[in-house]
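In: Next input, structure requested:
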Amino acid sequence: MLSTGRIPAGRSRLAPYPLRLAAIVLCAMLAGCGFHLRGSAALPYETLHIAGSPSFATQLARAVRARSNTRVVASPKEAQVTLQILAEQSERVILSLSGSGRVRELQLRYRVSYRLTDSESRELAPASDVQLKRDLSYSDTDVLGKEQEEALLYRDMQRDAVQQVVRRLQVARFDPATAASKKTP
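Out: Model (predicted):
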């Protein structure tokens, strides 16, 4: 039998009707619920200086550069706003002990305190905290593995804290016209 390149009657190159309908309904539901992909962070200022904890500041500067048009500058004199990292703390808290008094569960806590000021040292965002917690089961027989897991959880919490600070910076009140008019005599 020779192939004529024709599609037999009743067949279509497109997906069957129920499958197409399900795809359309799914897209409509996602659009209706407000779902959208995380895009770039629209920070309301052009330049930012980050002062404080070097490890957190480095991660935050990387996130700002990657997700926004805001430039991270080295000097507070060059910046429209300054983000001051006031404190960064990591701690371990014992949640439960075994009958023999050995640690069974730990809670890892990570906290970052920050505040945002403009070039005139006026507070745009007062001192605020980002606090994160993770629970970790513990075993004396796998100490090295649990230490690696703990380090991984702390890195993950730091990444989460960076994303939360970036989202909070998006909503910080900053009016460039007011800042420019205050600078001119």
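In: who does the top helix by length along the chain touch, helix- and strand-wise?
Out: Assignment by DSSP state H gives helix 143-170 as the longest helix of the chain. When contacts are defined as 3 or more C-beta pairs under 8 Å, 6 or more residues apart in numbering; DSSP states H and E, helix 143-170 packs onto helix 54-67, strand 81-97, strand 103-118, strand 123-137. C-beta: built from backbone N, CA, C; applies to glycine.
In: Could I get the average pLDDT for it?
Out: For helix 143-170, mean pLDDT is 92.
In: quick one: buried residues of that helix?
Out: Across helix 143-170, burial judged by 16 or more other C-beta atoms under 10 Å covers 146, 149-150, 153-154, 157-158, 161-163, 165-166, 169.
In: count of residues packed around the nearest residue to Tyr138 once chain neighbours are set aside?
Out: Among residues not flanking Tyr138 along the chain, Val103 sits closest, at 4.8 Å (C-beta to C-beta, 6 or more residues apart in numbering). By other C-beta atoms under 10 Å, the residues close to Val103 number 17.
In: now do the one 10 residues further on
Out: By the criterion of other C-beta under 10 Å, Ser113 has 17 neighbours.
In: which residues pair with it across the strands?
Out: Ala87, Asp129 (DSSP bridges).
In: these two touch, right, it and Pro126?
Out: No. In this structure Ser113 lies outside contact range of Pro126 using C-beta atoms under 8 Å: 10.8 Å.
In: Could you report the separation of the spatially most central residue of the chain from Leu144?
Out: The structure's the chain has its C-alpha centroid closest to Gln163; by C-alpha atoms, centre = their mean the separation is 1.6 Å. Applying C-beta to C-beta, to the nearest Å, the value for Gln163 to Leu144 is 30 Å.
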